[in-house]
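1. What follows is a predicted protein model with its sequence.
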Amino acid sequence: MMKSLFKNELGQIVYTSWEWAIMRWVFVFVVWAATWQNHWLPSQISIASFETLRDPNGLASWFDLSFLSQPTVTAVVVYLCLALAILYVSGRLPLLATGGLFLIHAAVGSIHNSPRGHHHATQVVGLILMGQFGFFLWCSVRSRYFQKGKPVVSREDQVSHRATGAITISMQMMCAGYVVSAISKWINSGGGWIPGARWIAQVPNIIVQFSKNEAQAYYDTLQPPANQMNQWTIDFVSEHPNVAMAIFGMGFYLELLAFLSLLNRRLALLFGVSLFAMHSMISVIMRLNFVYFKMILLLFFINLPFWIYYLYQRKQKSRL
Amino acid sequence: MRRGLLLLPMLVAIALCYVFEDFYPLSHFPMYSKFDERTYYVYLRDKQGEPVAAVPHFNIYTSDLKKHYGRDLKALKKKLKGSHFDWSAEQKWSAGMETLAYLKNERSPKAFEGEKWQGLALIDVRIRRGEDGKLERSEQVVGVME
């Protein structure tokens, strides 16, 4: 059982075209929501410009993107994004679809995520689009320059190869986000030989963060908190600091070792469910929204349609 | 070795994220990467001394207001030495006024039409985890709108 769980199937996992199609269908909504700040109708969308004046983040630090805030330009960009989204879902011209969506997401995101360092909710969506664009760019370059004279593969194999590559690269980008987050924790908390040891030792201090979040949530609207989870957690960490360190330590190593999820589908499911649970727990305690992280985990890692299909196939076989 | 190469995109992405730190969408995701035994937040108070809800009145979360104030405090570090946790309210005053000016001039100019929010104050609250593990809290006025 354990041996099969940790079996290295890197490079051997084959994703089907229907898995990739489902992922495209759902992921395009994630991209839209992340790009347009949860506004669904093109008529509701506007691009803020005032934030770019201070410490712009990304493309806005290289180019003056204030023109994007003009209503006519915004409308053109929104409808262009809609056309690219439809193209993306259709699976046609993936290089153009992913490249265009990435460019729009990066440009608009650089405005909405300015000043630098203020927001970290939608970066993973941009990273995945960047990875998918990079993959299709590589496919295009390879077929043009490196595959001359090689035997022609069937259309079916080509589609499956592209589905496998696009899904794997998306998972790799998500893993990169988790691993770099763990490295930041390791280094910023003081480094040391044992990864995360100092960060875990600092966990009892997290109660000041919980208390700050609760106060900030109160002063946003002057409404008392809807649940008492925050206060319960402060009391729990104060009374049981070692248990808290063990729980947060597991979270740290889940992030640091997230790349193991790439080894096989079973580990992807295990890490997907564990990371989803971790985000859900933090959402409840700290009132932080991890909707994009959770959606990506559900789609690419937990991948329920595949497991339903797998269990159905097994049941069918056992009947025979 | 050949299989390891398959992870190259992830390794490149990790390196880019770490080197660029924050260049959208690249990020080193530094949130909660260390836990000090102290932190701070800000809130708004009217001239009667009552807290003011930031979102309905000024369309801003107090966490965003704190980030602006934090950056203004950071700018003061060039002039003042040490940690802002050790500074007096007078020393932090210019950062507080800068934050209120941002709120009025850039973030929510419409909310300030007329003299409705005259006397609006920015309150700086410091929280510390004491040696007994309990939380201690203190607050200072760091800016008042004229």
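-> Great, that's in hand. Numbering: from 1, shown residues only, chains lettered A, B, ... in the order given.
2. in the stretch 201-320 of chain A, which spans are helices?
-> A:206-221, A:229-239, A:241-256, A:265-286, A:291-296, A:304-319 (DSSP state H, counting those that start in this stretch).
3. Chain B is nearest to which of those?
-> Checking the helices of the stretch 201-320 of chain A against chain B by CB to the nearest CB gives helix A:206-221 as the closest, at 3.9 Å. Heads up, the C-betas are built off the backbone N, CA and C, glycines and all.
4. What parts of the stretch 1-150 of chain A come near chain B?
-> A:8, A:10-11, A:50, A:53-55, A:57-59, A:61, A:105-106, A:109-110, A:113, A:115-118, A:120, A:122-127, A:129-131, A:134-135 (CB under 8 Å from any CB of the partner chain).
5. Which of the residues you listed fall in helices?
-> Mapping those onto helices (DSSP state H) picks out A:59, A:61, A:105-106, A:109-110, A:123-127, A:129-131, A:134-135.
6. Nearest to A:T16, out of those residues: which one, please.
-> When those are compared for distance to A:T16 (CB to CB), A:F135 wins out at 16.9 Å.
7. Just the closest residue of the stretch 1-150 of chain A to chain B, please.
-> Closest point on the stretch 1-150 of chain A to chain B, by CB to the nearest CB, is A:G126, at 2.5 Å.
8. For the closest residue to that residue other than its chain neighbours, give me its contacts.
-> In space, and not counting its chain neighbours, A:G126 is closest to B:P25: 2.5 Å by CB to CB, 6 or more residues apart in numbering or on different chains. Applying CB atoms under 8 Å, 6 or more residues apart in numbering or on different chains to B:P25 gives the contacts A:58, A:105-106, A:109, A:122-127, A:129-130.
9. Now do the buried residues in the worst-scoring helix or strand of chain B on mean pLDDT.
-> Every helix and strand of chain B was ranked by mean pLDDT, DSSP states H and E. The lowest is helix B:2-5, at a mean of 77. Of all the residues in helix B:2-5, not one is buried under the rule 16 or more other CB atoms under 10 Å in any protein chain shown.
10. next one: stretch B:44-58
-> Applying a neighbour-count criterion of 16+ other CB under 10 Å, one finds B:44-46, B:52-54, B:58 buried in stretch B:44-58.
11. repeat for stretch A:14-21
-> A:15-16, A:19-20.
12. Go through those residues and say which is closest to B:V12.
-> Relative to B:V12, and with distances defined as CB to CB, the nearest of the buried residues of stretch A:14-21 is A:Y15, at 21.6 Å.
13. and that closest one, what does it touch?
-> By CB under 8 Å, 6+ apart, the contact list for A:Y15 reads A:160, A:163-164, A:167-168.
14. can you tell me which of the helices of the stretch 201-320 of chain A the model trusts least?
-> Among the helices of the stretch 201-320 of chain A, helix A:229-239 carries the lowest mean pLDDT, at a mean of 84.
15. can you give me phi and psi for B:E21?
-> phi 60, psi -80 (degrees, to the nearest 10).
16. Pull the contacting residues for it.
-> By CB under 8 Å, 6+ apart, the contact set of B:E21 is B:27-28, B:30.
17. which residues in chain B form helices?
-> B:2-5, B:8-20, B:54-58, B:62-76, B:89-102.
18. related to what we said a few turns ago, is it possible to export the helices of the stretch 201-320 of chain A to CSV including mean neighbour count and distance to B:W117?
-> Below are the helices of the stretch 201-320 of chain A laid out as CSV (neighbours: other CB atoms under 10 Å in any protein chain shown; distance: least, CB to CB, whole Å):
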stretch, mean neighbour count, distance to B:W117
helix A:206-221, 20, 16
helix A:229-239, 16, 30
helix A:241-256, 17, 41
helix A:265-286, 18, 30
helix A:291-296, 20, 33
helix A:304-319, 11, 50
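19. Save those as a markdown table, and put in distance to chain B too.
-> Compiled in a markdown table, these are given as follows (distance: least, CB to the nearest CB, whole Å):
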| stretch | distance to chain B |
| --- | --- |
| helix A:206-221 | 4 |
| helix A:229-239 | 5 |
| helix A:241-256 | 7 |
| helix A:265-286 | 9 |
| helix A:291-296 | 11 |
| helix A:304-319 | 20 |
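20. Need the residues that contact the helix or strand where A:Y88 lies.
-> For A:Y88, the host element (DSSP states H and E) is helix A:71-90. Contacting residues not belonging to helix A:71-90 are listed as A:24-25, A:28, A:31-32, A:35-36, A:42, A:45-47, A:67-68, A:93-94, A:96-98, A:100-101, A:104, A:108 [CB under 8 Å, 6+ apart].
21. Can you read off the pLDDT for the residue lying closest to B:Y24 once chain neighbours are set aside?
-> Nearest residue to B:Y24, sequence neighbours excluded (CB to CB, 6+ apart): A:G58, at 3.1 Å. On the pLDDT scale, A:G58 is placed at 88.
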